[in-house]
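Novice: here is a sequence together with a model predicted from it:
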Amino acid sequence: MSQAPIGGVRTTPLHEVHTALGATLVDFAGWLMPLRYGSEGAEHRAVREAAGLFDLSHMGEIRVRGPQAAEFLDYALVGRLSTLAVERARYTMVVAEHGGVLDDLIVYRLADDEYLVVANAANTDTVVAALTERAEGFDATVTDESAGYALIAVQGPRAAEILAPLTDAELSGIGYYAARRCTVAGVPALVARTGYTGEDGFEIFVTPGNEAPGVWESLAKAGQPLGLLPAGLAARDTLRLEAGMPLYGNELNTSLTPYEAGLGRVVRLDKPGDFVGRAALTARAASGPTQTLVGLVGRGRRVPRKGYGVLRDGVPVGVVTSGAPSPTLGKPIAIAAVDAGTDLSGGEFTVDVRGRAEAVDVVDLPFYRREA
């Protein structure tokens, strides 16, 4: 369970753990969260080479139950959740009537009539309100259970090796985007093979949340000899950026449809019946997106940051949505939204970094893909 606010900012059940580890804490979406514990570069590399341990307890958990839970989610979201098998997960989105993205979500089907919808921290209230309104007329209930949960992620090539001795689940039987109810360190949990780093790993939903410190300590102890480090928001951001994963508020927002983010594949226009945003998304699918997301790799050392202009042969063609130094590539990288129809095959691309044109190379996303 989340703890009492500190200065109006909420804390997670792992707050005292972070304090004891000397974490640098920052306000993120109204939550006091660890930015880093030491070197964010070391934390990033630990995830790529061994494993990292993350507190994701600021995320929202919304339970949907009822005989018409599947039909309701087909109407409320852009995906077809009625075809999702029990113990499987799916990435999807909730949009407004005009097609703009309210949030991107992961939905887990726990039983025939029960789903867990996981929302981004900053958007949890928006998602709960949208789902509650859209549930009218369906035999389904929407319950915000976020306050009762803690969420811990262990990510990296040695994640399964670290988690396996602590759980009664057979991890080899949990495929990518699958989940299993089990125990971790003796505590009831939902273990999902999902993540936001580009690596193999697991997200562990613990309820009640006050059991989370014991689970964290068990994972930390098991992982320490294998190179695991606690990792904060800074490493999480550079990891997801290298993996080309969108961040709400950067690559996604209410003025853009999923098609502008290159994620039109999550929109199931072929599903039967109506769903919120269908008309707008059908029109956008026909007309094509107004922009496309591309990867940029800097030739110098200056980092293209969010909001910096992108130019082709000196002509503005877009804007950086996310940018950071890449610990893995050793170069500055960025995701940029460029105007649809921009010729990416030639020309000189630059980013206006505080008044100076910095040369960049346009590359396909993602920047990093782990070996199978």
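Specialist: That came in fine, so what should we check first? Numbering: from 1, shown residues only.

Novice: can you list the low-confidence ranges for the stretch 51-200 of the chain?
Specialist: Residue ranges of the stretch 51-200 of the chain with pLDDT under 70: none are present.

Novice: is it true that Val127 lies in a helix?
Specialist: Yes: assessed by DSSP: H, G, I helix; E, B strand; the rest coil, Val127 belongs to a helix.

Novice: how deep is the closest residue to it other than its chain neighbours tucked in, by neighbour count?
Specialist: With Cβ to Cβ, 6 or more residues apart in numbering as the criterion, Val127 has its nearest non-adjacent residue at 4.2 Å, and that residue is Ala119. (C-beta placed from N, C-alpha, C; glycine too.) If you count neighbours by other Cβ atoms under 10 Å, Ala119 ends up with 26.

Novice: for the one 3 residues further on, same thing?
Specialist: Counted with other Cβ under 10 Å, the neighbours of Ala122 add up to 16.

Novice: and it, its phi and psi?
Specialist: When read as degrees, to the nearest 10, the backbone of Ala122 gives phi -70, psi -20.

Novice: going forward, the N-terminal residue is numbered 321.
Specialist: Understood, numbering begins at 321; the last thing we discussed is Ala442.

Novice: the nearest residue to it once chain neighbours are set aside: neighbour count?
Specialist: Take Ala442 and drop its neighbours on the chain: the residue closest to it by Cβ to Cβ, 6+ apart is Ala349, 3.9 Å away. When neighbours are counted by other Cβ under 10 Å, Ala349 registers 16.

Novice: ok, now how distant is Ala349 from Arg330?
Specialist: Separation of Ala349 from Arg330 (Cβ to Cβ, to the nearest Å): 9 Å.

Novice: quick check: neighbours shared by these two?
Specialist: Counting by Cβ atoms under 8 Å, 6 or more residues apart in numbering, the shared contacts of Ala349 and Arg330 are His378.

Novice: quick one: Glu523 is in a strand?
Specialist: Yes: under three-state DSSP, Glu523 falls within a strand.

Novice: measure it to Thr331 for me?
Specialist: To Thr331, Glu523 is 20 Å away according to Cβ to Cβ.

Novice: for Ser538, what are its contacts?
Specialist: Contact analysis of Ser538 by Cβ under 8 Å, 6+ apart lists Leu486, Val504, Ala505.

Novice: at 7 Å instead, please
Specialist: Counting by Cβ atoms under 7 Å, 6 or more residues apart in numbering, Ser538 touches Leu486, Ala505.

Novice: Glu407 too?
Specialist: Neighbour list for Glu407: Ala498, Ala499, Arg500 [criterion: Cβ under 7 Å, 6+ apart].

Novice: out of those, who's nearest Ser575?
Specialist: Ala499 (32.5 Å; Cβ to Cβ).

Novice: run through the bridge partners of the closest one.
Specialist: Note on Ala499: beta-bridge partners Ala512, judged by DSSP bridges.

Novice: tell me how many other residues crowd it.
Specialist: Neighbours of Ala499 using other Cβ under 10 Å come to 25.
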